[in-house]
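1. Okay, predicted coordinates and the sequence, questions at the end:
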Amino acid sequence: MTIGLIPGSFDPFHNGHLEVVERASHIFDEIVVAAIRNPQKSTSLFNLEERRDMIAESCAHIKNVRIVSISTLLVNVAKDVNATAIVKGLRAVSDFEAELQMAQMNRSLSGVETLFIPSSSSHSFIASRLLREVARYGGDVRPFVPAPVAIRLAAKFEGETE
C-alpha cells in the first residue's frame, strides 16, 4: 500500500492545498494530510483542531484521505504512518528552493523521498497569509477556499473593526 504524507500549517486550508490533495489521491492508495504546528510561523489564526476539522470537511469527497495533526518532526510522522513519500505542492520557483532543502534533510534523516506537485496557474498565487489578510479586512475569499473554510474565516473576523 502506498501512502502519501502531505504536511503543512494549513492556516487556513485553501484551494491550492485541496488541489494537491486531490491530485495526490490518484497517485497513492492513501493520503495522510498532517496539519502541523509550525514554530517558525507567527501565531496561528486557527488552532490545530480547527484546522484538522476544516481539512476533513474540505476533503470529505476524497475517499482515501486521513487527517492528523502533529507537533513533532515530520520524519517521525512519516515513520508512524508508514509514508511511501512526503508530498509537497509548489507554487513558484521560490517555493522549490526552500522545499528542496527540507526534502534533502528529510531524506537524510529517514530515507523518505519527497514528491513535488506543481500547482495549476489558477492556484499559484494563493497563500494562507494573503487569505488571512483579505478576510481580516472584509474581502471575499470564497473563490480561493473550500466552503467550510470560508464559513470559518467569516466567523473568525465577524464584527472585527480596525
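-> Received it, and whenever you're ready, just let me know what you need.
2. for residue 99, what are its contacts?
-> Residue 99 is in contact with 88, 90, 114, 116, counting by C-beta atoms under 8 Å, 6 or more residues apart in numbering. No exception for glycine: its C-beta is placed from N, CA and C like everyone else's.
3. Go ahead and confirm the first one touches residue 117.
-> Yes - counting by C-beta atoms under 8 Å, residue 88 sits close enough to residue 117 to count as a contact (7.3 Å).
4. Common neighbours of these two, please.
-> Listed contacts common to residue 88 and residue 117 are residue 20; contacts here mean C-beta under 8 Å, 6+ apart.
5. If you count surrounding residues, which of the two has more?
-> Between residue 88 and residue 117, counted using other C-beta atoms under 10 Å, residue 88 has the larger neighbour count: 23 against 17.
6. mind checking the backbone torsions on that one?
-> Main-chain dihedrals, residue 88, degrees, to the nearest 10: phi -130, psi 140.
7. For it, give the beta-bridge partners.
-> residue 116 (DSSP bridges).
8. So it versus residue 148, what's the distance?
-> Residue 88 sits 23 Å away from residue 148, going by C-beta to C-beta, to the nearest Å.
9. now residue 53
-> 8 Å.
10. All the strands of this protein, residue numbers only.
-> Counting by DSSP state E, the chain has strands at residues 3-8, 30-36, 65-70, 85-90, 113-118.
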